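Chemist: Test case, fold it:
(one chain, ligands or ions: 1)
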Amino acid sequence: MSKVLVIGAGGVGSVAVHKMAMNPGIFSEIHLASRTKAKCDAIAESVKTRTGQSVATYQIDADDVPALTALIRQIGPKLVVNLALPYQDLHIMDACLAAGVDYLDTANYEPRDQAHFEYSWQWAYQDKFKAAGLMALLGSGFDPGVTSVFATWLKKHKLDTIRTLDILDCNGGDHGQHFATNFNPEINIREVTAPARHYENGKWIERPALSTKQQFAFEGVGPKSMYLMYHEELESLAKHLPEIERIRFWMTFGEAYITHLTVLQNVGMTRIDPVIYEGKEIIPLQFLKAVLPEPSSLGSTTKGKTNIGDIATGFKDGEERTFYIYQICDHEAAFAETGNQAVSYTTGVPAMVGAAMILTGAWKGQNGEGGVFNMEQFDPDPFLDMLGKQGLPWQVKELGGPLGF
Ligand code: NDP
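Modeler: Numbering: from 1, shown residues only. The predicted model follows:
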């Protein structure tokens, strides 16, 4: 029985809060704060209608650390779940340290002025969290999040060592719009337009964004083109599973998405440096976000499935084996349950499960010590057991051999 404060009332926050309300034995009191209180109130109303549970709501600018610290002290939660944007991560971690509360997020810190993704900023908080006896769990979404836990599950149950790991993220959903992103457009476009990077034999290999493409037949979706990309869990997996020789991340995009994105990039609309427009500074990508559909508005029209998983090749008792562990989520079923499409659902459910791991004590540092942790540092079993029961059942199968590319 624990009190939790969720920050961020977007699609992911909405799913996480609905799922927390469906588990009142763990989340006895739910508080939701965001920049726009009306969005918190709309979620609270939907939660009340769907589950009968109450959610207390607040307005907060999470970049204002003293105000956020005061709010955390006023509420007195056991855990703060950060489902705002990556820009807020360090500020929310600072407020958690000041107020003496555990922390969880789903995306690593990014400075606003550089599309640069790395854990160094958050890993630098290790000593502070350890000294305070507090826990910070980083990246408890699907990817990062479940994909890292999938890797440790394969290592625990199917392989003695993992030599190569490929993470495959397929969204086979169709929202009926010419161009839209399934989570925050600014964060999504920064990620997709960044150079592709993968890890091989101790080195990072960089290629131009969206320049390496493969076809893959996804169960529940069909054949899709997927593109090599950088994704933050590659960095933490390379650190925590150092025996891995190669780790890559692939994401599917349709022709129309790539064509629109190419045009937007070519005309400068994805720039994140300021330009002067009618005497005012604007950031083209932020302006673009303002004219694109809100991801949370896509739920009612999105049809199809997502399929996200890991393919790992390694040795078991001296023999080379390849396993594929994956989860298929249906957009319409996700929308029926919480009013949000599958990309928000597949992120919000693991955020809730990660929060449950902390609140129930299933995941904690060695000897109860605090610190900053990534998902692959813990026992995968209780997390994946709960994930399957909470709407994201997963499956594993053996493949005939390693990927042919
Ligand atoms: P949205 O843009 O829909 O929601 C973000 C919410 O955060 C909004 O309600 C916004 O408020 C609020 N917010 C933004 N800035 C502040 C601030 N300074 N103070 C308080 N609240 C703030 O994003 P999503 O729900 O799609 O994504 C949420 C997070 O999940 C992101 O960090 C994203 O990167 C991550 N994510 C992780 C995935 C994974 O698998 N690991 C996959 C998908 C997303 P307002 O609307 O009022 O401005």
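Chemist: From the ligand, how far off is residue 139?
Modeler: 6 Å (C-beta to the nearest ligand atom, to the nearest Å). Where C-beta positions appear, they are placed from N, C-alpha and C, glycine not excepted.
Chemist: Please save the CA atoms from stretch 41-51 in PDB.
Modeler: What follows is stretch 41-51, C-alpha atoms only, in PDB (Å, rounded to 0.1, in the frame of the first residue of the first chain):
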ATOM      1  CA  ASP A  41      -8.300  16.400 -14.500                       C
ATOM      2  CA  ALA A  42      -9.400  14.700 -17.800                       C
ATOM      3  CA  ILE A  43      -7.400  11.600 -16.900                       C
ATOM      4  CA  ALA A  44      -8.700  11.600 -13.300                       C
ATOM      5  CA  GLU A  45     -12.300  11.700 -14.700                       C
ATOM      6  CA  SER A  46     -11.600   8.800 -17.100                       C
ATOM      7  CA  VAL A  47     -10.000   6.800 -14.300                       C
ATOM      8  CA  LYS A  48     -13.000   7.400 -12.000                       C
ATOM      9  CA  THR A  49     -15.400   6.300 -14.700                       C
ATOM     10  CA  ARG A  50     -13.400   3.200 -15.700                       C
ATOM     11  CA  THR A  51     -12.200   2.000 -12.300                       C
END
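Chemist: Pull out the buried positions in it.
Modeler: 42-44, 46-47, 51 (16 or more other C-beta atoms under 10 Å).
Chemist: Averaged pLDDT, that stretch. What do you get?
Modeler: Averaging pLDDT along stretch 41-51 gives 98.
Chemist: next one: stretch 172-183
Modeler: Stretch 172-183 comes out at a mean pLDDT of 90.
Chemist: Pull out the buried positions in that stretch.
Modeler: Neighbour-count burial for stretch 172-183 [16+ other C-beta under 10 Å]: 172-173, 175, 179-183.
Chemist: re earlier: mind checking which of the buried residues of stretch 41-51 are in helices?
Modeler: When DSSP state H is applied, these are split such that 42-44, 46-47, 51 fall in helices.
Chemist: right, and out of the residues you listed, which lies closest to the ligand?
Modeler: Proximity of these to the ligand (C-beta to the nearest ligand atom) peaks at residue 43, which lies at 9.3 Å.
Chemist: Just confirm the closest one contacts residue 17, I think it does.
Modeler: Yes. Residue 43 is in contact with residue 17 according to C-beta atoms under 8 Å; the separation is 5.6 Å.
Chemist: Identify the contacts common to those two.
Modeler: Common neighbours of residue 43 and residue 17 (criterion: C-beta atoms under 8 Å, 6 or more residues apart in numbering): 32, 55.
Chemist: a markdown table please, covering the ones in helices among the buried residues of stretch 41-51 and showing distance to the ligand.
Modeler: Below are these laid out as a markdown table (distance: C-beta to the nearest ligand atom, whole Å):
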| residue | distance to the ligand |
| --- | --- |
| 42 | 10 |
| 43 | 9 |
| 44 | 13 |
| 46 | 14 |
| 47 | 15 |
| 51 | 20 |
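Chemist: what sits against the most centrally placed residue in the chain?
Modeler: Closest to where the C-alpha atoms of the chain average out (C-alpha atoms, centre = their mean) is residue 141, at 3.4 Å. Contacts here follow C-beta under 8 Å, 6+ apart; on that basis residue 141 touches 12, 106-107, 346-347, 350-351.
Chemist: do that again at 6 Å, thanks
Modeler: 106, 347, 350 (C-beta atoms under 6 Å, 6 or more residues apart in numbering).
Chemist: burial count for whichever residue of the stretch 251-400 of the chain sits closest to the ligand?
Modeler: In the stretch 251-400 of the chain, no residue comes nearer to the ligand than residue 347, which is 4.0 Å away by C-beta to the nearest ligand atom. The number of residues packed near residue 347 is 28, by other C-beta atoms under 10 Å.
Chemist: That one and residue 142 touch, don't they?
Modeler: Yes. Counting by C-beta atoms under 6 Å, residue 142 is a contact partner of residue 347 at 5.5 Å.
Chemist: What sits closest to the residue in the stretch 101-250 of the chain that the ligand sits nearest to if chain neighbours are left out?
Modeler: In the stretch 101-250 of the chain, no residue comes nearer to the ligand than residue 141, which is 2.2 Å away by C-beta to the nearest ligand atom. Leaving aside its chain neighbours, residue 141 sits nearest to residue 106 (3.5 Å; criterion: C-beta to C-beta, 6 or more residues apart in numbering).
Chemist: Hmm, that neighbour is touching residue 351, no?
Modeler: Yes. Between residue 106 and residue 351 there is a contact under C-beta under 6 Å: 5.4 Å.
Chemist: and for those two, which residues touch both?
Modeler: By C-beta under 6 Å, 6+ apart, the residues touching both residue 106 and residue 351 are residue 140.
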